[in-house]
Structure formats: structure tokens, C-alpha cells
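[1] pasted the sequence and its predicted model underneath.
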Amino acid sequence: MTTQVPVSSPPTATVQKQPALALKHKPRWRRFAPVAIALVIIVCVSIWGWKKYHPVDNGLSGLITDVVKRGDLIETVSATGAVNAQTGAQVKIGSQITGRIKKLNADVGSIVKAGAIIAELDLPDIEAQLAQARANLAAARLKQAQFQSGVLMQQTQINSAIVQARAGQVSAAAKLNSAQAAANQQIAQTPTDIDRAQNVVASANAALSTAQSNLTQIEAGIALQVANSQQQVNQAIATSHNSDLELGREQALLAKGYVAGSIVDQAQATATVNKSLILSAQQNLALVTQKNTADLQSGKNLVTQAAQDVKTAGSALVAAKAESFLDAVKLAAVGDARAVVTQGDANLSIAQGNTAQNIQKQQDIRQAMEAVAASTQQVAYAQAQVDKTFIKSPISGTVLQLAAQQGETLAAGLSSPTLIVVADLNRLQVDAYVDETDIGKVKIGQSVIATVDAFPTTQFTGRVSKIASGSTIQVGVITYDVTIAIDNLNHQLKPDMTASVTIQTGKRTAVLLTPSEAVKIGTNGLTVNVLTKTDGSYTTTARTVTTGGEDGVNTEILTGLKEGETIILAGVVKAAPDKKASSAFGGGGGRGGGGRPGGGR
């Protein structure tokens, strides 16, 4: 900003008000009072303006200065380019066939939807071809239905017969397997059953012989046991009788005093014991008789059971020998089952043989189906040709160009003639050509501000979406195509507009800033002229600085300056009457392109 010397305020004119009573008789000179007051005001304003723009000379009136301050620095890269449609956002729509435009539904500036019919061609011959193809298809389908109507029922019957024959064949095979298994089992089982029955008969006869032998032994043992028991009874009676005689003799001797009384007592005890032995022997004889009776009955029962077992085993042997007759029955069942299998095979062969009758009819049906398929393709082709008479827009957008009018004829050759150009203005991009010295700073996703000559005060925002790897030479300068996805919500941008873009490549916050024009390039490097006041006089010092980034207006100061210091942008400091005036720049060139005319920054 410019340092200015304060000036005193200009004098103001004072107008005295007259009393109200004097208004009744105004003098003539008062008629010119308003004009006089206006002149006084004009003079006062003129004096004030002169002093404002011609301050008291303190030696700084010729300087343009500014102050070192902190702020945000946004680094940018500028380039020019053109507005283009994104890939697929602009299409040239033409006709694939030759025909006269019967109806045109769009004009330049019209908004169309995807799939909307833009134009209709007048081609009655193609519509006639579609009608003929549909008639041929209907005839082919009718012929196919006629062939299929007679074959369908017959084929159903044949299929049913085949299914039944195969089911009968499977059932017959199962019965044959069952009968064969039963016959094999019977044939293998009969000798085994006979051997088993013979073994049982032999075992039964052996058991009978053993039971009879046991009975004979029991009968012989009974007689011996009874005889022994009877002999024990007789022996006990005889012993008891002798004991009684001995007791009588001892009693007689005791009466005569020949023996002691103890001998009589002993003889009495012996007689008593021997009498009890008689009772015991008699009881034993009864028990032996009872046991022998039971053993004899048990032996007889065993003989009877063994005899019954011999009869049963004999009957089983007869039955086992009779099973040999069942072998023939089982083998006969196998023969019957084989006959059923043979009949099932014959039925299946007959049912399958009937299918040969339908081979020719099936061939006729296939030919009819092929005719239907060919007619369907013809209808599809004719329909496609008819669809080509309706020219549709593949995308939604705005009509940019119209190459033909309603009633004109479009002639289709090797390439389709362009009828209309449609672009989606919501999908525009800017292709900017960035200098090779700046391309290294540009990254995908960086913010961009674009302007066009048509709307110089409107800024369009966007982001970098693509960076080309291949270079493009623009007016002898190597550049790289940078694609910017731009926001065009109000459809102000149009394809092919020239655009100026500013790409934000970086941002530094709260850094020391000075105007770029204050930074000078000299023999000692980069310098900035700093204005200082000492003892009431101003001096200029060229201070060496280290700079960082810049945005074209301000430059970042890394070292050499402090916040709040006054720097000189342009002009010279006027010296005192006894001193020479000194230049504020010391001969160095301005980095920012020279000083700025006029007032302060």
C-alpha cells in the first residue's frame, strides 16, 4: 500500500440562518444565496481534493510500497484448451439405408432422449417386404402344425408301447432271475436236506439203543438193589434177635450175681440199637423200592421218546427224499420265466420297429421346422430394415447440427451420411495443453477453474481426470493434453469453445508473502528492497531473500524478511536538499515485471 502524509481538513463554509420573521420581506440579494452556498461547497471540495492528491512532500510521495504479511498461497498452472465432449457424449447419427425423410422430429437446439425417434424415412417397399415375410412365416407354421398333428399321437402310442414293453422285459427278467435262484437253491438244498435227515435218523436210532440199554441196566440194578436192601433187613432182624437172647442171658447171670449190672446195661443198649437198625433197614428198602420204580419209569419214558424220535427222523428223511421232485417243478418255473422274457424282447422289438414308420414323417417335420426358422429370419431381417427407417438417438442430449431437412433424400453408401449431431452437454470436458515445464506439477484429481470468452465473468469448476503421456507440439512448444472433467449444470458451455484453465497444483497456509514484483533478480541473487526509518529519515536496503512457491501475484518468503516490514514495489526515495535522490532498485531487474503505476497496493 502507498504511504501517505496526513493533510489538514479543508475549511468548511458556515451559513447563518435568518430569523423566521425576516422571510416576509426578503431582500433581492437573498435570491442568489443558494447559488453562493453551492459555489462555496465546490471550492471547499476542490481544496480538499488538491491536498489529498498533492500531499506534503516527505520524500515518499513517489513510492509504491506494501507490507510483508502472512497468508495462504495457492500454486497454480495456467493453460488454454478447448471444450470437447467426453467419449460417447457426442454422436453423429445417420441413416443405414437410402430413403426420403418423411418426418423430422428434431431441430438444432432441441433436447432429445435416448431412443427417441429423430426422423422417419418413407420406404413403402421395405414395409411390403416385411408383410410378405410375415405371410410366409404364417404359411410355414401352418404346414409344420399339419405334419406334427398326425405324428404326435402315433408317437405317443409308440412311446407308450415301448415303455410297457421295456417294463414287461424288466419284470420278466426279474421273474427269471427269481425262478433261477429258487431252482438253484432247491437243487443245492435237496442233497443237504437228505444228508441232514439221514444223520437225524441215525442219531435217533442211536438214542433209542442207548435208552433201551439204559432200561435193561435199570431193571438189572433194581433186582440187585432190592435184594441187597432185603438182606440188610434180614441181617438187622437176626442181629436184633441175637441181641435179645444175649440180653436175656446177661439178665439171668445178673440175677445169679455172676455179672455186673453194667454188662446188662450194655446188652440192653445193644439190643435197643439193633432194633432201631431193623427200622432203618426197612425204611431203606422202601426208599430203594420207590427209587427203582421211578428209575424204571424214566428209562421206559426215554425208550418211548427215542422210539418217537426215530419215527420223526424217518418221516423227515422221507420228506427230504421227496424234495427231489420239487427240483423239476423249480426248473419248470425257470423255463416259463425264460419264455416270458423272450416274449418281452419280442414285444420291445415290435414296438421299436414301429418307430421306423415315423422316420419319414419326422424328416418332413424337420424340413417344416427349418422352413419356419428360415421364414423367421426373413421376418427378423425385414423388421430390421423397417426399424432402420426410424432413425433414433442412441444418447440423451442436445442437437448441435442438422445436415438435412424433411423431404430430402439420404443416400447411404459405404459410410452412413450424417443427418444430425447430438451431444450430452452434461458430459463435457476441457482438453487443455499444459507446457512441459509445468506438467510435472499436474496430478489427477486436482481442482481446476475454467473460463470461456463467451462468459468471461463465470468460473466453471472441475477436476483433472486424465493426463496424456504423449506430447503435442503447439506453436513449436511441447505440451501435454490434460483432460478436465468440468461441471456444466446450466449448459452454458458448448463444444469447441476456447477455454482458459487454472489448475490448483498446491496450497501453502500461513506463510510469509510479498508481491512477486517486489522480488528482484540481481548479481547477488534474489533481493527485496526494504524501507526503514532512522532518525526521521527513510532509507532503502536491498535484502537478500530465499523464496518458495508463487501464484503469479505473491511469492512465498522463506528467509530474509519479517512479517510487518515495509517493502518497496516501485519509485525512488527523495533525498534531503543536501543529499542526492537514490533509486529504490539499485539497478536490479524486477522479478515481477516492474513497478505498478498509480496508488498503493
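    Cool, got the structure.
[2] helix or strand right after whatever helix or strand L253 lives in?
    Following DSSP states H and E, the helix or strand that holds L253 is helix 124-256. Next along the chain after helix 124-256, taking DSSP H and E as the criterion, comes helix 261-322.
[3] what angle do the helix holding L253 and helix 261-322 make?
    Angle, helix 124-256 to helix 261-322, by axes from the mean of the first three to the mean of the last three C-alpha atoms, to 10 degrees: 150 degrees.
[4] what packs against helix 124-256?
    Contacts defined by 3 or more C-beta pairs under 8 Å, 6 or more residues apart in numbering; DSSP states H and E place helix 124-256 against helix 261-322, helix 324-355, helix 359-388. In short, each C-beta sits where N, CA and C put it, glycine included.
[5] how far off centre is that helix?
    Counting by C-alpha atoms, centre = their mean, to the nearest Å, helix 124-256 is centred 64 Å from the centre of its parent chain.
[6] what number of residues lie near the nearest residue to K441 once chain neighbours are set aside?
    Spatially, and ignoring its direct neighbours in sequence, K441 is nearest to T505 (4.1 Å; C-beta to C-beta, 6 or more residues apart in numbering). T505 is flanked by 19 other residues according to other C-beta atoms under 10 Å.
[7] shouldn't T505 be within a helix?
    No: read with DSSP: H, G, I helix; E, B strand; the rest coil, T505 is strand and lies in no helix.
[8] what separation do you get for it and A267?
    Note on T505: its distance to A267, by C-beta to C-beta, to the nearest Å, is 158 Å.
[9] could you do D438 as well?
    From D438 over to A267 the distance is 163 Å, taken as C-beta to C-beta.
[10] for G221, same thing?
    39 Å.
[11] for the closest residue to S209 other than its chain neighbours, what are its contacts?
    In space, S209 comes closest to A306 once its chain neighbours are excluded; the distance is 8.0 Å by C-beta to C-beta, 6+ apart. The contact partners of A306, by C-beta atoms under 8 Å, 6 or more residues apart in numbering, come to A204, A207, L208, S209, T210, A211, Q212.
[12] got it, and L531?
    Contacts of L531 by C-beta under 8 Å, 6+ apart are L63, T65, Y538, T539, T540, T566, I567, I568, V573, A584.
[13] buried residues in whichever strand or helix holds the fourth one, which are they?
    If I follow you right, that is T539. Under the criterion of DSSP H and E, T539 resides in strand 537-544. Buried residues in strand 537-544, counted by 16 or more other C-beta atoms under 10 Å: Y538, T540, A542.
[14] tabulate those residues (CSV), appending pLDDT and distance to L558.
    Below are these laid out as CSV (pLDDT from 0 to 100; distance: C-beta to C-beta, whole Å):
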residue, pLDDT, distance to L558
Y538, 86, 27
T540, 89, 22
A542, 91, 18
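[15] between the residues you listed, which is nearest S280?
    A542 (164.5 Å; C-beta to C-beta).
[16] my guess is the closest one meets T523, correct?
    No: applying C-beta atoms under 8 Å, one finds A542 not in contact with T523, separated by 10.8 Å.
[17] about what we covered before: L142: which of the helices and strands packed on helix 124-256 is closest?
    Closest among those, using C-beta to C-beta: helix 359-388, at 9.4 Å.
[18] against which helices or strands is the closest one packed?
    helix 124-256.
[19] okay, the angle between the helix it packs on and helix 359-388?
    Going by the same axes, to 10 degrees, helix 124-256 makes 130 degrees with helix 359-388.
[20] when you give positions from now on, start the count at 49
    All set: I'll call the first residue 49, so the last point we hit is now helix 172-304.
[21] may I see the buried residues of stretch 141-159?
    I141, G142, S143, I145, G147, I149, L152, A154.
[22] report the distance from it to the chain centre.
    44 Å.
[23] show the end-to-end separation of that stretch, please.
    Using C-alpha to C-alpha, to the nearest Å, the end-to-end distance of stretch 141-159 comes to 15 Å.
[24] hmm, who's touching that stretch?
    Here stretch 141-159 has contacts from 160, 164-171, 174, 433, 436-437, 439, 441-442, 444-450, 452-460, 464-470, using C-beta under 8 Å, 6+ apart.
[25] let's see that with 7 Å instead.
    Under the criterion C-beta atoms under 7 Å, 6 or more residues apart in numbering, residues 160, 165-171, 433, 436-437, 439, 441, 446-447, 449-450, 452-460, 464-468, 470 lie in contact with stretch 141-159.
[26] and these, which of them are in helices?
    Among the contacts of stretch 141-159, the members falling in helices are Q433, K436 (criterion: DSSP state H).
[27] buried among the contacts of stretch 141-159? Make that a PyMOL selection.
    Written as a PyMOL command, the selection of buried residues from the contacts of stretch 141-159, which uses 16+ other C-beta under 10 Å, is:
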select buried, resi 160+166+167+168+169+171+433+436+437+439+441+446+447+450+452+458+465+466+467+468+470
